[in-house]
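Colleague: I would like to see how this sequence folds:
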Amino acid sequence: MDRREALQLLAAGALAASAGCSRREPAPSATDLAALDCIAQADLAASGTVSPLELVEAAVARVERLNPELNAVTFADFERALAAAPNARGPLAGVPYLLKDLNAYAGMPLTRGSRLFADQVSEAQSPFTDRIDGAGLVVLGKSNTPEFGLLPTTEPLLHGPTRNPWNLAHSTGGSSGGAAAAVAARIVPAAQASDGGGSIRIPAAQCGLVGLKPSVGRFPDQGYGQQAWPISIKHAVTHSVRDSALLLALTELTEGGSLLPVGFTVRERLAPQRIAVTVSSIYGDPDPAVAAAVERTAETLESLGHEISLIETDTPLHDPAFGDDFLTLWAAGAAGAVSLVEEKTGTPADQTGLLEPATIALGELMNARPADALERAVEGLGRYKAGVDDFLSGYDAWLTPVTGSPAPEIGFLAPDLDYDTLMPRVQRFAAYTPTHNAAGTPAISIPAGLAPSGLPVGVQVATRIGGEALLLQLAYQLEEAAPWADALPPLHA
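Modeller: Numbering: from 1, shown residues only. Modelled structure (predicted):
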């Protein structure tokens, strides 16, 4: 069975029927449903074992029970979701889902985690979101995000912090932290996420999930033309590798893009690969628990027949110019928000209460730079991309940490810290992910066990542009060698 055939069979419900589910069986309990990934829930609905409405009702109950402690869901539209469930059509008909509050959905708020947009409601949505609807997923509401997705923690002053179900005193990462908390706690089996500097991969690592950032060009209708340098892309955080693979197949453009479609990547035999391994970055060595997770993963990959090469110097992660160029690009977005507030109010942004201190500080940083700073940064990012491409030309894949440490305590990366305290912490924590946003290369966060603290640790595997299928195959291998699907945080459905 090839990928296209597998996707067609799933869409027709044939996978459920072939598994012996052609007649209605006793309905699983709500707890049983919470343990299932998207594909398993869709199979139950396709077989008639449960209805799409029952899938959504169970998820609504989980939101109501768990969200008061997690603060993962900032807006819920249960009435609309329950009305939509019986009419859901598609390969994942009736499977409950959340959208990150940076993604427009017609009729729902779009706050972007900011007091500036606290009252905004979307009138339309993107073609990407239309494809989510077309897959049959039922959107319950919006998940929490830091202001404009700028920080690698989800602690917006508008909605308050999202708490990690593995330890409620700790962050979920960001900026897709609400999505990751909801999936980790089994509120929903998967949730939409987006990644401009690590915002899919970081929360996935902090919460023990799979988080794939696709290649630049994979979704040409996601607004690349609005970015000075294309870094941000949407996808999802999931429990299982197969869910990530299917969601990619269901939302990617099959025509008109610069890359050949991936399709539904199913588990197949994988030939030995040449894999570079880097543990350190220009900001130093990571937490010992993170380093140990990378080393364990490298050993597992080697035991599976892959060729491992430890490369700790002269890698893109040690480029002294990259951090400042990427920061300039990042700060340019914050400067735009500062300008918007001041144009709307006629008042300095720091006197309006509409923007967080971190956003204002980034905007001021950008405004203090020369007029051609962004142009020069884009030129530098072009050189950096070429360097990453050159580095990856010698390997099939590249294994690194996702973050410099497991999830920090809430407040450690808070948006109201002074800039000189916050920014060094952000740079050290998020040292490993922006490389692949700047280069456009696909990268995936894969669970790699727990730190001694009991918090999850993830590892990152990246490859050349267009290589998502290879990353998914490697993730399938690691999922089978060290299964994580049954690992549950203390707070879960």
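Colleague: what's the spacing between residue 381 and residue 178?
Modeller: From residue 381 across to residue 178, the span is 29 Å (CB to CB, to the nearest Å). In this view, the C-beta of every residue, glycine as well, is placed from N, C-alpha and C.
Colleague: Tell me how far the helix or strand hosting residue 44 lies from the chain's centre.
Modeller: Assignment of secondary structure by DSSP states H and E places residue 44 within helix 38-47. Average the C-alpha atoms of helix 38-47, do the same for its chain, and the two points are 23 Å apart (CA atoms, centre = their mean, to the nearest Å).
Colleague: cool, stretch 170-186 as well?
Modeller: In terms of CA atoms, centre = their mean, the centre of stretch 170-186 is set 9 Å apart from its chain centre.
Colleague: just to revisit the earlier point, give me the more crowded residue out of residue 381 and residue 178.
Modeller: It is residue 178, of residue 381 and residue 178, that has more neighbours when counted by other CB atoms under 10 Å, with 32 against 23.
Colleague: Can you work out which other helices and strands pack against the helix or strand that contains the more buried one?
Modeller: Taking DSSP H and E as the criterion, residue 178 maps to helix 177-184. With contacts defined as 3 or more CB pairs under 8 Å, 6 or more residues apart in numbering; DSSP states H and E, helix 177-184 has these neighbours: helix 52-70, strand 73-76, strand 96-100, strand 138-143, strand 190-195, helix 201-207, strand 233-238.
Colleague: State the mean pLDDT of that helix.
Modeller: Helix 177-184 carries an average pLDDT of 99.
Colleague: ok and that helix relative to strand 233-238, angle-wise?
Modeller: 30 degrees (axes from the mean of the first three to the mean of the last three CA atoms, to 10 degrees).
Colleague: Need the pLDDT of the closest residue to residue 111 other than its chain neighbours.
Modeller: With CB to CB, 6 or more residues apart in numbering as the measure, residue 117 is the residue that lies nearest to residue 111, at 4.9 Å, once sequence neighbours are left out. We note a pLDDT of 98 for residue 117 in this prediction.
Colleague: Now do the SS call for residue 247.
Modeller: Put simply, residue 247 is helix when judged by DSSP: H, G, I helix; E, B strand; the rest coil.
Colleague: Spell out which residues sit in contact with the residue lying closest to it once chain neighbours are set aside, please.
Modeller: In this structure, residue 247 finds its nearest non-sequential neighbour in residue 236, 4.8 Å apart by CB to CB, 6+ apart. When contacts are counted by CB atoms under 8 Å, 6 or more residues apart in numbering, residue 236 is found next to 179, 190-193, 200, 211-212, 243-244, 247.
Colleague: does residue 236 have beta-bridge partners, and which?
Modeller: According to DSSP bridges, the partner residues bridging residue 236 are residue 192.
Colleague: Now residue 191: closest residue in space, sequence neighbours ignored.
Modeller: Leaving aside its chain neighbours, residue 191 sits nearest to residue 179 (3.7 Å; criterion: CB to CB, 6+ apart).
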